[in-house]
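Visitor: Build me a model from this:
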Amino acid sequence: MNILMVDNRESPRDHGLRGAHRFMQSEFNWESALSVIEPQITNRGLHVWPFDPSFPVDVRFLLLNREHDIPLHRPDHLEVIYIESGEVVYQSRERECLLRKGDIVVVGDKAFHRCRKSGSSRPQRGAVLLFLPQLVCAGDFSGEGMKYLMPFTLGGGVSPKVLTGMTKTSVLIFDLIQRISAELPRASEWSQLAIKAYLKMILVLLADHFLNQRTASQLPLAAQQSIQHLGPVFELVDNRYPSPLTVEDAADIAGLSRWHFMRLFKRVMGQSFINYLHQFRISKGQELLVSTEKSIADVSLETGFCDQSYFGMVFRKFAHMTPLTYRRCFGETSRSTASTQYSRKGPPSLENNPQMTSGPSRSRHEHGLMTHAFKPSDKVRF
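Guide: Numbers count the residues shown, from 1 in each chain. As a prediction, the model looks like this:
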């Protein structure tokens, strides 16, 4: 069996992430993977995780250094493993690969795998997200619910999939794993709602990545050249989104007439340049709303919108909620406030806030997730 290796090294588009504000736990409770996992493996090589049956999800921060190998084993659950530090030799059946910081492994419940022993004294650490599929599907294993599990079922699910490199996707996924970990000690309905939202964000990020990778590999040469032709335009948006940008600006940097540029962009991206620019700016606005206490007026100006009213209108179009509602749902400061309010007054009303309800049929934007990486137009929508 082959491990699907996805070359996902940092590109110039990801470079600006290094200075971005991210949610970081102050400290991790690192445990020995050997002492945690080995006793849970049955004689038949099944790794049985002791979930809380009422809410089957867990996050562990594991020390992967080990003095001896454990048998190849198949989890009775699904796993997303983020390599936090060190270099780890990872094996799936007869194939091995070397994992480094920032790499992510997606392990389904049909895949036999293990981390090999290492003589290195340097710390080898990984953050592991474990869950059962029913937490996401809620009993719907034939329709919308199964789309969230696509990262695990792609290729039959018998081999793990590895995303390599410290990229925006891996940074966001590690961020979301930490958020889930921070919510887990609480038993409140509000925390469970947040955990499900974060988990679905992770699954959509992974699905987007695999779908884009598969689609890109299937594109004819002419289509790949068209995407490359638009590279300077994406760089322009990355660098100048807070400033006024027009179709003419983008056409000039692409070396095309306005008409040819609009036609090419729509064909490759499946949307107009202005729509893409709005989506990109809203994604930046979402980052500021959840990671800072800046006013909505300031956020609108810093993301290239002329006024707060227009920002709010465009934000609702893409996120299906107001900027204030988004901040209340996903902001770090408001999260602790909301949890305190829950303990005193009960959970926030979901009846008057449909954007906060949970369910497998909701769209990716309803979960507060916006992505701005360019994607071919024939991608599957969630």
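Visitor: Look up phi and psi at residue 306.
Guide: With angles defined as degrees, to the nearest 10, residue 306 sits at phi -70, psi -30.
Visitor: Pull the number of nearby residues for it.
Guide: 10 (other CB atoms under 10 Å). No exception for glycine: its C-beta is placed from N, CA and C like everyone else's.
Visitor: low pLDDT regions in the stretch 51-200 of the chain?
Guide: 119, 139-145, 155-158, 186-187 (pLDDT under 70).
Visitor: So which residues of it form helices?
Guide: For the stretch 51-200 of the chain, the helices defined by DSSP state H, counting those that start in this stretch cover 134-137, 144-147, 150-153, 168-183, 189-218.
Visitor: chain center to stretch 94-104: distance?
Guide: Put simply, stretch 94-104 sits 19 Å off its chain's centre (CA atoms, centre = their mean, to the nearest Å).
Visitor: just stretch 120-130 next, same as before
Guide: 20 Å.
Visitor: buried ones in it?
Guide: Within stretch 120-130, the residues that qualify as buried by neighbour count (16 or more other CB atoms under 10 Å) are 124-130.
Visitor: Tell me which of the helices of the stretch 51-200 of the chain is the most buried.
Guide: Most buried of these by mean neighbour count (mean count of other CB atoms under 10 Å) is helix 168-183; its value is a mean of 21.
Visitor: For it, name the packing helices and strands.
Guide: Helices and strands touching helix 168-183, by 3 or more CB pairs under 8 Å, 6 or more residues apart in numbering; DSSP states H and E, are strand 57-63, strand 78-85, strand 104-107, strand 125-131, helix 189-218.
Visitor: go with 7 Å
Guide: Using 3 or more CB pairs under 7 Å, 6 or more residues apart in numbering; DSSP states H and E, the elements in contact with helix 168-183 are strand 57-63, strand 78-85, strand 125-131, helix 189-218.
Visitor: mind checking how far residue 165 is from residue 209?
Guide: 11 Å (CB to CB, to the nearest Å).
Visitor: Ok, residue 304 next?
Guide: In terms of CB to CB, residue 304 sits 26 Å off from residue 209.
Visitor: And residue 166, by the same measure?
Guide: For residue 166, the distance to residue 209 - CB to CB - is 14 Å.
Visitor: Could you double-check that residue 160 lies in contact with residue 103?
Guide: No - counting by CB atoms under 7 Å, residue 160 stays clear of residue 103, with 11.2 Å between them.
Visitor: possible to save the buried residues of stretch 120-130 as CSV with distance to residue 240?
Guide: Below are the buried residues of stretch 120-130 laid out as CSV (distance: CB to CB, whole Å):
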residue, distance to residue 240
124, 41
125, 38
126, 38
127, 35
128, 39
129, 36
130, 42
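Visitor: Out of those residues, flag the one nearest to residue 311.
Guide: residue 129 (33.4 Å; CB to CB).
Visitor: Now do the same contact list for the residue nearest to that closest one when sequence neighbours are not counted.
Guide: Closest residue to residue 129 apart from its sequence neighbours, by CB to CB, 6 or more residues apart in numbering: residue 80 at 4.3 Å. By CB atoms under 7 Å, 6 or more residues apart in numbering, the contact set of residue 80 is 104, 106, 129, 173, 202.
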